[in-house]
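> coordinates only, sequence not included:
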């Protein structure tokens, strides 16, 4: 272990997370704030893909990693993908898991999509399993102000805290894996 001078600050552990769009980015920013509140010495670096299928999101994440970051400082490389797209992508001959593996990325699936995950952050809904096509309507029943195109980390922080995420993770293996990687 390298010797540190008394006033030298320990560098933050960096986790890189690729996401599909703005709302997914807001969710990761919310997780960063949860980490900060918990006193974790962690920095989440986010790359936003701009839609497309899961393979496109993985490829955009890989491009961002190779162009913009010093990979030696990154302790984990992840990409968040909606699970509901994977079957359709594979039927089209596009395998996001294979592409992610080639790029050294670990996939964390949002079950079944971000809206389904956000629904389960609400107390009493954590174990709720709904069809992907119903997740938006179900989420808007408990959160009428939710908008698919304008979610912010501030809105998430105003509505949820780390206890909501931990409660939901007890019923969601993928979310639990993500929280373990973050130290939450």
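Structure received. Computed from a predicted structure; not experimentally measured. Numbers count the residues shown, from 1 in each chain.

> Give the buried residues for stretch 83-100.
Neighbour-count burial for stretch 83-100 flags 83-86, 89, 94, 96-97, 99-100 (criterion: 16 or more other Cβ atoms under 10 Å). In short, each C-beta sits where N, CA and C put it, glycine included.

> again with stretch 142-158
Those would be 143, 146, 151, 153, 155-156, for stretch 142-158 by 16+ other Cβ under 10 Å.

> and the lowest-mean-pLDDT helix or strand in the chain, how far from the chain's centre?
Here the helix or strand of the chain ranked lowest by mean pLDDT, DSSP states H and E is helix 86-91, holding a mean of 84. The chain centroid and the centroid of helix 86-91 are separated by 20 Å under Cα atoms, centre = their mean, to the nearest Å.

> any residues touching the next helix or strand after that helix, and which ones?
The helix or strand immediately downstream of helix 86-91 is helix 96-102, counting by DSSP states H and E. Helix 96-102 is touched from outside by 53-55, 57-59, 62, 79, 81, 86, 89, 106-107, with contacts defined as Cβ atoms under 8 Å, 6 or more residues apart in numbering.

> which residues are contacting the helix or strand following helix 96-102?
Where DSSP H and E defines the elements, the next helix or strand beyond helix 96-102 is strand 106-110. For strand 106-110, contacts defined as Cβ under 8 Å, 6+ apart pick out 24, 58, 76-83, 86, 96-97, 100, 116-117, 174-175, 177-178.

> Whichever of the contacts of helix 96-102 end up buried, select them in PyMOL.
The buried subset of the contacts of helix 96-102, as determined by 16+ other Cβ under 10 Å, is captured in PyMOL by this line:
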select buried, resi 53+54+55+57+58+59+62+79+81+86+89+107
